[in-house]
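Asker: Generate a structure from the sequence data that follows.
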Amino acid sequence: MFTLVSKQVRRKNNRASPPTVKSTRSTNGLWVLCGIALLYFSGCSVGPDYVRPEAPTVDHYNYEKDPSETVPVDGQPQRFEPGVGPVANWWQLFNSKPLDAAVAEGLAENPGIQAAQASLRQSNENLRAGYGIFYPQVDAGFGTSREKFSPALFGSSAPATIFNLTTLSASVSYALDLFGGERRAIENLSSQVDLQRSVALGTYLVLSGNIVNTIVAMAAYQAEIEETEQLIALQKEQIGIVEKQFQAGTIAYGAVLDLRSQLTTLEVTLPPLKQRLSQAEHLLATLEGKTTATWQPPRVAMADLYLPRHLPLSLPSELVHQRPDILAAEAQLHGASASIGVATAALFPSFSLNANYGQDSTSMSRLLASSSNVWSLGADVTAPLFNGGTLLSRRQAALEAYQQSRAIYRQTVLAAFAQVADTVRALEHDAEVTQAQSRSVATAQASLHLVQTNYQAGMVNYLQVLAADIQVHQAKINALQAQAQHFQDTTALFVALGGGWEQPAEAGKP
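Answerer: Numbers count the residues shown, from 1 in each chain. Presented below is the predicted three-dimensional model:
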């Protein structure tokens with residue numbers, strides 16, 4: 001694109017040109033433009049056309065097959081539903097209003113979400129800006145100057161003249177994308193939009209999973225602290241009784257020291273639990289986009305959380321089209337493919353059309369007169385002849401970048417499948433551990449009931465009752481840890497499957 005600024009000498013030359021010659025040049029120019037236009041509309045995009053990687057044909061994640069359900073926990077197993085994708089707002093399946101509110105607030109206020117949304121908007125605007133290449137570029141200009149012109153430049157001995165020159169012009173340029181380099185560049189920008197959209201979805205997914213896991217951890221820590229405090233109180237009561245027995249001379253002092261050692265060991269575990277609870281609360285405040293000094297964390301008890309019994313298990317062929325990190329890797333692969341076309345098109349000539357129309361005059365009053373009219377119409381062709389192999393090397397680099405993106409995509413898919421397989425097996429084993437810990441609690445409670453009955457009958461002493469009660473609390477602490485892990489692995493399955501943003505949750509099917 002250029003702006004024509006004509007001098008009086010050029011206007012004199014134009015006026016001196018014979019009309020027949022001007023007509024011939026104009027006609028030839030039209031034929032040239034028509035030929036270029038025909039070539040443009042019949043042109044094609046060089047470089048490979050992107051083809052989406054084929055979806056895997058396997059229908060399961062673990063060797064041989066995936067489990068259909070876990071062992072029963074509290075009388076009910078968790079059932080896997082092959083071919084069923086995760087629902088939107090999957091955290092609502094835990095049936096906890098405070099948890100739902102915390103996730104909703106985090107999705108609305110978290111700075112990471114806001115940054116991902118801004119990046120997506122930015123990539124969309126970059127794509128819109130890129131589309132401008134397919135439209136004519138139109139510019140207007142106006143200028144006025146005072147000049148001194150010397151005819152000696154043309155071999156004349158006439159004296160120099162001083163004059164004012166006013167220019168009003170409009171220029172139009174249009175780049176012909178004959179080999180599709182610009183179209184491939186737009187394709188690359190479009191892939192960046194897909195990439196940022198996948199990153200935003202991944203940010204939503206990871207954030208919701210982190211909030212749920214943090215709330216589960218807070219509930220478990222709080223319950224464990226309460227059980228530990230009750231254990232400490234029972235052991236202190238037990239020590240008090242043993243000390244009285246020692247003072248009465250019925251037992252040795254070693255029994256007192258042994259119980260005090262057990263109490264000290266138990267008391268040492270309490271501060272780290274409280275520290276973990278504080279860290280979880282601070283983490284949740286950060287996830288919610290709040291400062292730790294101004295935000296009060298919600299109080300959720302383990303008893304308030306419901307373990308979902310029906311679990312989705314998307315097919316591998318569906319997972320590659322719904323999991324955000326796989327979609328992001330695919331978008332990068334698409335962009336690498338388009339970059340090959342951009343690098344290939346750079347090896348070919350580039351074409352552009354240019355037109356200019358304006359008014360030049362030494363007097364402002366005559367600026368719009370027909371005699372001041374100037375114009376030009378032309379086409380430019382630029383072809384690379386020698387560049388020391390730079391363009392070829394750039395194309396080869398683009399080909400290698402594409403191969404790298406293919407490997408990264410495949411690695412991402414393999415890691416995703418392994419994560420789903422790990423989570424499915426983890427849930428299977430969590431159920432077994434939770435079931436065993438539930439039996440342990442039941443056994444300890446039955447033993448306590450039996451000891452209490454014997455104590456009321458005068459068959460055992462109170463120390464035996466305290467010892468049985470301590471075993472119950474220890475069994476409950478172990479069960480709480482297993483239960484929390486079960487909840488967190490359930491959350492991990494929803495996160496590992498990805499997607500679910502389009503399907504509403506079924507309220508009646510937790």
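Asker: contacts and neighbour counts: CA atoms only from here.
Answerer: Fine.
Asker: which stretches of the stretch 101-250 of the chain form strands?
Answerer: Assigned by DSSP state E, counting those that start in this stretch, the stretch 101-250 of the chain shows strands spanning 137-149, 161-176.
Asker: Could you give me the buried positions within the longest one?
Answerer: The neighbour-count check on strand 161-176 (16 or more other CA atoms under 10 Å) flags 165-176 as buried.
Asker: For the residues you listed, please prepare JSON lines with the additional fields distance to Gly202.
Answerer: Conversion of the buried residues of strand 161-176 to JSON lines gives the following (distance: CA to CA, whole Å):
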{"residue": "Leu165", "distance to Gly202": "61"}
{"residue": "Thr166", "distance to Gly202": "59"}
{"residue": "Thr167", "distance to Gly202": "56"}
{"residue": "Leu168", "distance to Gly202": "54"}
{"residue": "Ser169", "distance to Gly202": "51"}
{"residue": "Ala170", "distance to Gly202": "48"}
{"residue": "Ser171", "distance to Gly202": "46"}
{"residue": "Val172", "distance to Gly202": "44"}
{"residue": "Ser173", "distance to Gly202": "42"}
{"residue": "Tyr174", "distance to Gly202": "40"}
{"residue": "Ala175", "distance to Gly202": "38"}
{"residue": "Leu176", "distance to Gly202": "39"}
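Asker: Dump those to JSON lines, plus pLDDT and distance to Gly85.
Answerer: Converted to JSON lines, the buried residues of strand 161-176 look like this (pLDDT from 0 to 100; distance: CA to CA, whole Å):
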{"residue": "Leu165", "pLDDT": "85", "distance to Gly85": "73"}
{"residue": "Thr166", "pLDDT": "88", "distance to Gly85": "70"}
{"residue": "Thr167", "pLDDT": "90", "distance to Gly85": "67"}
{"residue": "Leu168", "pLDDT": "90", "distance to Gly85": "64"}
{"residue": "Ser169", "pLDDT": "90", "distance to Gly85": "61"}
{"residue": "Ala170", "pLDDT": "93", "distance to Gly85": "58"}
{"residue": "Ser171", "pLDDT": "93", "distance to Gly85": "56"}
{"residue": "Val172", "pLDDT": "93", "distance to Gly85": "53"}
{"residue": "Ser173", "pLDDT": "92", "distance to Gly85": "51"}
{"residue": "Tyr174", "pLDDT": "92", "distance to Gly85": "48"}
{"residue": "Ala175", "pLDDT": "90", "distance to Gly85": "47"}
{"residue": "Leu176", "pLDDT": "90", "distance to Gly85": "46"}
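Asker: out of these, which one sits closest to Gln238?
Answerer: For Gln238, the closest of those turns out to be Ala175, at 90.4 Å, with distances computed as CA to CA.
Asker: what secondary structure does the nearest residue to the closest one once chain neighbours are set aside sit in?
Answerer: Among residues not flanking Ala175 along the chain, Ser352 sits closest, at 4.2 Å (CA to CA, 6 or more residues apart in numbering). When classified by DSSP: H, G, I helix; E, B strand; the rest coil, Ser352 comes out as strand.
Asker: got the end-to-end distance for stretch 300-307?
Answerer: Across stretch 300-307, the terminal residues are separated by 14 Å (CA to CA, to the nearest Å).
Asker: What lies in contact with that stretch?
Answerer: Contacts with stretch 300-307, where a contact means CA atoms under 8 Å, 6 or more residues apart in numbering, come from 93-96, 98-99, 215-216, 218-220, 222-223, 487, 510.
Asker: Which of these are buried, as a ChimeraX select command?
Answerer: Buried subset of these, written as a ChimeraX selection, criterion 16+ other CA under 10 Å:
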select :93,94,95,99,215,216,218,219,220,222,223,487,510
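Asker: Out of the contacts of stretch 300-307, which sit inside helices?
Answerer: 98-99, 215-216, 218-220, 222-223, 487 (DSSP state H).
Asker: Specify which member of the residues you listed is nearest to Pro77.
Answerer: Ranking the ones in helices among the contacts of stretch 300-307 by separation from Pro77, with CA to CA as the measure, puts Phe487 on top at 13.5 Å.
Asker: who's in contact with the closest one?
Answerer: 213, 216, 307.
Asker: could the strands of the stretch 101-250 of the chain go into JSON lines alongside distance to Asn188?
Answerer: Shown next, in JSON lines, are these (distance: least, CA to CA, whole Å):
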{"stretch": "strand 137-149", "distance to Asn188": "22"}
{"stretch": "strand 161-176", "distance to Asn188": "19"}
